[in-house]
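> generate a structure from the sequence data that follows.
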Amino acid sequence: MIDYPEPDLNLISGTISIGVATIAYLIYYFTITSESLNKRLRYKFGNLTGSIRKVLYQRLLGGILYGLVPFLIILLIFRRPLNQYGFAGDYFIKSFLWWIPIAVVVVILTYLGAKTEKNLAMYPQIRVQHWNVGLILVSALSWITYLVGYEFLFRGFLLFSCLESFGYWPAIIINVCLYSLFHIAKGSREAIGSLFFGFLLCYLTLHLGSFWFAIFIHITMALSNEWFSLGFQPDMKYIKKDSGK
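Next comes the predicted model:
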């Protein structure tokens, strides 16, 4: 009979964070790909408004599963201060100063990549012809909600829990592997690119002591890509009054 070692209590937080991240993604993925949900939205709101609400609901769901659930686990189960998981306010200004020059590079690269056919086939995610200020703002706020939760899950809850349990490099490797797997549904381009992007965000998060930089840069990338893609879409346009709903 194999003599198994006793459970190592030092590994609990990292193990829980891996399980939570996996379960959160599975719930998210199977919910957003549910055809019955799509049918209910189209039936209740019509095809156009239903398609808009679908994207907004997806991002809100992501914000809840990726952000609120880990937040509650830290407070109610781990019972530890949030600054141990990247919420340290002392590093906010430092992260902001790092964000400024890198954001300029990201915006330039996003502009160059936004006009490609592969990008325009996916973005903006809300596929309506007419956009107005209201829709642009609501979409931006939903992106911010989603990405704050997303970065808290990966570069906060998961990264710092694994850092405590497994050490520096294992924490980064686990994070990058899961991050890449989360992007498989978006195709090989994003899955492979997320390996490099995920490593950069993990390294800088640990270097800066918080995940504020990761939030700033990810939001910069998402919003600039959405706005550039909207400008390059031949069938989409901005109008002042009618949102096309």
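> what mean pLDDT does the host helix or strand of Ser224 get?
Per DSSP states H and E: Ser224 is located in helix 212-232. Mean per-residue pLDDT for helix 212-232: 96.
> buried ones in it?
Within helix 212-232, the residues scored as buried using 16 or more other C-beta atoms under 10 Å are 212-230. Yep, even glycine has a C-beta here, placed from its N, CA and C like the rest.
> off-centre distance for it?
11 Å (C-alpha atoms, centre = their mean, to the nearest Å).
> past that helix, which element shows up next along the chain?
By DSSP H and E, the next helix or strand past helix 212-232 is strand 237-238.
> list the residues that contact the nearest residue to Asn10 once chain neighbours are set aside.
Using C-beta to C-beta, 6 or more residues apart in numbering and skipping residues adjacent in sequence, the residue nearest Asn10 is Ser165, 6.1 Å away. Neighbouring residues of Ser165 by C-beta atoms under 8 Å, 6 or more residues apart in numbering: 10-15, 171.
> if we go to 7 Å?
10-11, 13-15 (C-beta atoms under 7 Å, 6 or more residues apart in numbering).
> Leu159: which of these is nearest?
Leu159 has its nearest neighbour among the contacts of Ser165 in Gly14, at 9.8 Å by C-beta to C-beta.
> measure Leu206 to Ser229 for me?
Counting by C-beta to C-beta, to the nearest Å, the gap from Leu206 to Ser229 is 32 Å.
> before we move on, back to that, pull out the buried members of the contacts of Ser165.
Using 16+ other C-beta under 10 Å as the burial test, the contacts of Ser165 include 13-14 as buried.
> what segments of this structure are helices?
For the chain, the helices defined by DSSP state H cover 12-32, 35-45, 47-63, 69-73, 92-114, 117-120, 133-151, 159-166, 168-182, 188-208, 212-232.
> which other residues reach the longest one?
Under the contact criterion C-beta under 7 Å, 6+ apart, helix 92-114 has outside partners 119, 208, 210, 212-213, 216-217, 220-221, 224-225, 228-229, 232.
> in CSV, list those along with distance to Asn47.
Shown next, in CSV, are these (distance: C-beta to C-beta, whole Å):
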residue, distance to Asn47
Asn119, 24
Leu208, 45
Ser210, 43
Trp212, 39
Phe213, 40
Phe216, 36
Ile217, 35
Thr220, 32
Met221, 30
Ser224, 29
Asn225, 25
Phe228, 26
Ser229, 21
Phe232, 24
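> where does this structure have its least confident helix or strand?
strand 237-238 (a mean of 85; mean pLDDT, DSSP states H and E).
> that one: partners in the sheet, and parallel or antiparallel?
The sheet places strand 237-238 alongside strand 130-131 (parallel), with pairing taken from DSSP bridges.
> chain center to the partner strand: distance?
For strand 130-131, the distance to the chain centre is 25 Å (C-alpha atoms, centre = their mean).
> any idea of the mean pLDDT for it?
In this model, strand 130-131 has an average pLDDT of 92.
> so Trp143 sits right up against Asn225, yeah?
No: applying C-beta atoms under 7 Å, one finds Trp143 not in contact with Asn225, separated by 9.8 Å.
> pick out the most distant pair among the contacts of helix 92-114.
Ser210 and Phe232 (34.2 Å).
> distance-wise, check the residue nearest to Asn10 relative to Leu159.
The spacing between Ser165 and Leu159, counted by C-beta to C-beta, is 11 Å.
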